[in-house]
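Peer 1: my questions concern the predicted model and sequence given below.
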Amino acid sequence: MTGITENIWQAKTIAQRATEALPDSVWFALGYMVLGVVGVAAFIAVMGMGLIYAERKIAGHFQCRLGPMRVGWHGIFQTVADTLKLLLKEDVVPAQSDRFLHILAPLFTLLGTILVLAVLPMSPIVHVSDVNIGVVYVGAVSGFGVLGILLGGWSSNNKWSLLGAMRAGAQIISYEISATLALLVVVLFSGTLRLSEIVESQAAGWWIWRAHGVGILAFLLFFVASLAEINRTPFDIPEGESELTAGFHTEYSGMRFAFFFLAEFINMFIVAAMTATLFLGGWMPFHIGDFAGFNAIMDMIPPGLWFTGKTAFLVFLIMWFRWTFPRLRVDQLMRLEWKVLLPIGFVNLIAAAVVVLFNFYFFPVR
Amino acid sequence: MMQTTDKQENPARSGLVTAPELKRHGFFRNVFSGIKSLLEGMKVTFHYLSHPSTVVTQQYPENRATLKMMERYRALLTMIHDENGLHKCTGCQICHDNCPNASINVITRSNPVSGKKELDRYVWRMDSCTFCNLCVQVCPFGVLKMDGNFEGAVYDRRLFVFTLNQYAGPAAGLLAKVADPEERKKMVEPRDRYSGPVPLNGQELAGVKALKKAESGCCGGSGGCCSDSEELQGSHRSKEMK
């Protein structure tokens, strides 16, 4: 099955290109590195603004409103104006706060986001670095997010912030278990931790439908648990406006608040992209086994578009959830994780192991 | 004894956690009914998203020309004038008496021809009005209505107090009985928004068109006060009201 990808796509990361260019010219290698760094930074800025605009428009129409309409055509420059405002705003640090940690916290949160973006395979060529333990790496560095939230809540010296941060800590640590259990299912199927190889293992079909329901269940578990991990509604109790003012970022203003906000929205993209990569084949077009004619037609759509389409759909789904579902109470949240998702996740993992053991799924890899 | 029965009747107060997923068969039923109700909610919101006609937002300053307020919206108090410019007010002053904050002053006079009591000026204080609609409800003749025109902002507070009726004279029903048009003309006298016993009293104000005095005996007012023009010239807003 791996033959399909090798024939059509030359998957090559920017890091690989830099390594190959190094013997010839240091400057060329350096150029690739700068390209990677600037690319990720620009991606964060543009994607952040785009997602915020999309969210506001979609939220508006979900609630019989219009969303931003005044700045530019249908308000397309609204987020640009908002970003400029946030850049120019005064950055207030409370007098009684732990100043160093208060300043550090948003950077930690954004750092986790940036580090994940570096390993996401967005297309065979748009891929900064391919880590051989990609799945574990993503799980690990996204922990920076909760670290930033905890630091921000603690250092603000505000009861709402602290409560929000503690809630976020409990929530994220709990839901990471379910997310990882669901993620392990895909690792079992593909037999690798490397994200690019997980994508290529889906050349015969996406994992969501190849494993008789196990994939669908794992997909749902991972999606729900990831939503909770990024504090996205209906799991936004760390922010819970009605209870905690704004939760962990109550005391943040200006650019530091913007960092939290940006990280939140890019995390939404990352969850969608990771779910797409693991269960919907990432940039892999929709293939059905050896059905060559059909596969060839699907290959006409470039892989970058496949990735964009899948991610956009999942992002839309996340927004749809947000503007439909009510927020969970703290005890309901914990009950959902420990009494519902976790047992299902364990059973699903065992089922996946059995499926893999007997090669019981469509178009086995090995 | 009392406590034990209470526990049996109300498990929530017994201190035991009674979550449906803990019961046998309850787990999957709980999960599936939860998913079902979530999907129902998503269906509702998707209907709103996919049907732009459900949007209720008004792009107000832009759609000012086409904006249509709701039937029951209560803004400026208006006296209903029919197509001949006649109102049905008899000057009975029931609205005047019923106004909870004395925002209405109904001034009557006796008709120069028939000598009967009739409406002279219907003065409304918009600044003290709470738009409670009582005047509209108590009026036995259906003279008044709360109009949908909500653009009541003005640059001078004197403009908040103005006259609602367009003529002083008998109500439409009585006037219709007078056959002679000359006679009818003698019975009525034009009234406009900002002349007479209102704070502006016929004075000119920047942004408000020259207000012609229609009554005699107020020549202290400035500008065009004693003009013999019969035509009423209200402010730009009074024209909108028509």
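Peer 2: Happy to help now that I have it. Residues are numbered from 1 along each chain as shown, chains lettered A, B, ... in the order given.
Peer 1: which stretches of the chain have low pLDDT?
Peer 2: All of this is about chain A. For chain A, the stretches flagged by pLDDT under 70 are A:1-9, A:240-242, A:363-366.
Peer 1: please refer instead to chain B.
Peer 2: Low-confidence segments of chain B (pLDDT under 70): B:1-25, B:207-242.
Peer 1: tell me the contacts of A:F269?
Peer 2: A:M47, A:L51, A:T311, A:V315 (CB atoms under 8 Å, 6 or more residues apart in numbering or on different chains). Backbone N, C-alpha and C define where each C-beta goes, glycine included.
Peer 1: can you confirm it is in a strand?
Peer 2: No. Applying DSSP: H, G, I helix; E, B strand; the rest coil, one finds A:F269 to be helix, outside a strand.
Peer 1: all helices for the stretch 151-300 of chain A, in order.
Peer 2: A:159-190, A:195-200, A:207-210, A:214-229, A:241-244, A:254-279, A:292-299 (DSSP state H, counting those that start in this stretch).
Peer 1: the third one: how far from the chain's middle?
Peer 2: Its chain's C-alpha centre lies 20 Å from the corresponding centre of helix A:207-210 when counted by CA atoms, centre = their mean, to the nearest Å.
Peer 1: could I get the CA-only coordinates of it as PDB?
Peer 2: Provided in PDB are the C-alpha atoms of helix A:207-210 (Å, rounded to 0.1, in the frame of the first residue of the first chain):
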ATOM      1  CA  TRP A 207      -8.700   4.700   9.600                       C
ATOM      2  CA  ILE A 208     -12.100   6.100  10.500                       C
ATOM      3  CA  TRP A 209     -13.900   3.600   8.300                       C
ATOM      4  CA  ARG A 210     -11.400   0.800   7.800                       C
END
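Peer 1: wait, B:V154 sits on B:F162?
Peer 2: No. B:V154 is not in contact with B:F162 according to CB atoms under 8 Å; the separation is 9.8 Å.
Peer 1: out of the helices of the stretch 151-300 of chain A, which gets nearest to A:V354?
Peer 2: Nearest to A:V354 among the helices of the stretch 151-300 of chain A is helix A:214-229 (9.0 Å), distances taken as CB to CB.
Peer 1: and that closest one, what does it pack against?
Peer 2: helix A:159-190, helix A:207-210, helix A:254-279, helix A:303-322, helix A:342-357 (3 or more CB pairs under 8 Å, 6 or more residues apart in numbering or on different chains; DSSP states H and E).
Peer 1: contact partners of the longest helix belonging to chain B?
Peer 2: Counting residues, the longest helix in chain B under DSSP state H turns out to be helix B:26-50. Here helix B:26-50 makes contact (CB under 8 Å, 6+ apart) with A:58, A:61-64, A:320-321, A:323-325, A:340, A:344, B:20-21, B:54.
Peer 1: looking at the residues you listed, which one is closest to B:Y122?
Peer 2: Once CB to CB is applied, the member of those that ends up nearest B:Y122 is A:C64, at 40.1 Å.
Peer 1: that closest one - how many residues pack around it?
Peer 2: With neighbours defined by other CB atoms under 10 Å in any protein chain shown, the count for A:C64 comes to 16.
Peer 1: any idea how far it lies from chain B?
Peer 2: A:C64 is 5 Å from chain B, where distance means CB to the nearest CB, to the nearest Å.
Peer 1: thought that residue was touching B:S53?
Peer 2: No. The pair A:C64 / B:S53 is not scored as a contact, 9.8 Å apart, by CB under 8 Å.
Peer 1: for A:L217, what are its contacts?
Peer 2: Contacts were defined as CB under 8 Å, 6+ apart; by that measure A:L217 touches A:I344, A:N348.
Peer 1: higher neighbour count, B:V154 and B:F162?
Peer 2: Taking other CB under 10 Å, B:V154 and B:F162 do not tie; B:F162 has more neighbours (27 against 17).
Peer 1: mind checking what secondary structure that one has?
Peer 2: Recorded secondary structure, B:F162: strand (three-state DSSP).
Peer 1: can you pull up the bridge partners for it?
Peer 2: Under DSSP bridges, the beta-bridge partners of B:F162 are B:W124.
Peer 1: measure A:R56 to A:F62 for me?
Peer 2: Distance check for A:R56 against A:F62: by CB to CB, to the nearest Å, it reads 11 Å.
Peer 1: which one's more surrounded, the two?
Peer 2: Neighbours were counted for A:R56 and for A:F62 using other CB under 10 Å; A:F62 has more, 21 against 18.
Peer 1: I'd like to know how far that one sits from A:F279.
Peer 2: Relative to A:F279, and taking CB to CB, A:F62 is found at 25 Å.
Peer 1: surely A:G36 meets A:A118?
Peer 2: Yes. If you go by CB under 8 Å, A:G36 and A:A118 touch, sitting 7.3 Å apart.
Peer 1: give me the common contacts of those two.
Peer 2: Here A:G36 and A:A118 have A:V128, A:S129 as joint contacts, going by CB under 8 Å, 6+ apart.
Peer 1: pairing-wise in the sheet, spell out the partners of B:T78.
Peer 2: Per DSSP bridges, the residues bridged to B:T78 are B:K145.
Peer 1: for it, what are its contacts?
Peer 2: Contacts for B:T78 were tallied using CB under 8 Å, 6+ apart; they are B:L144, B:K145, B:M146, B:D147, B:N149, B:L164, B:M241.
Peer 1: what about A:A179, neighbour count?
Peer 2: By other CB under 10 Å, the residues close to A:A179 number 25.
Peer 1: farthest-apart pair in the contacts of B:T78, please.
Peer 2: The largest separation in the contacts of B:T78, counting by CB to CB, is between B:L144 and B:N149 at 14.1 Å.
Peer 1: neighbour-wise, which of those two wins?
Peer 2: Taking other CB under 10 Å, B:L144 and B:N149 do not tie; B:L144 has more neighbours (24 against 14).
Peer 1: from B:C135, how far out is that one?
Peer 2: Using CB to CB, B:L144 is found at 6 Å from B:C135.
Peer 1: what's the overlap in contacts for these two?
Peer 2: Residues touching both B:L144 and B:C135 (CB under 8 Å, 6+ apart) are B:L77, B:C95.
Peer 1: how about the residues of chain A near chain B?
Peer 2: Residues of chain A lying close to chain B (CB under 8 Å from any CB of the partner chain) are A:58, A:60-66, A:69, A:320-321, A:323-325, A:335, A:339-340, A:344.
Peer 1: list buried residues within these.
Peer 2: For the residues of chain A next to chain B, a burial check counting by 16 or more other CB atoms under 10 Å in any protein chain shown picks out A:58, A:60-66, A:69, A:320-321, A:323-325, A:335, A:340, A:344.
Peer 1: re the thing from before, going by distance to chain A, which of the contacts of B:T78 wins?
Peer 2: Taking CB to the nearest CB as the measure, B:N149 is the one of those closest to chain A, at 24.0 Å.
Peer 1: hmm, the closest one is touching B:A75, no?
Peer 2: Yes. The pair B:N149 / B:A75 is scored as a contact, 5.6 Å apart, by CB under 8 Å.
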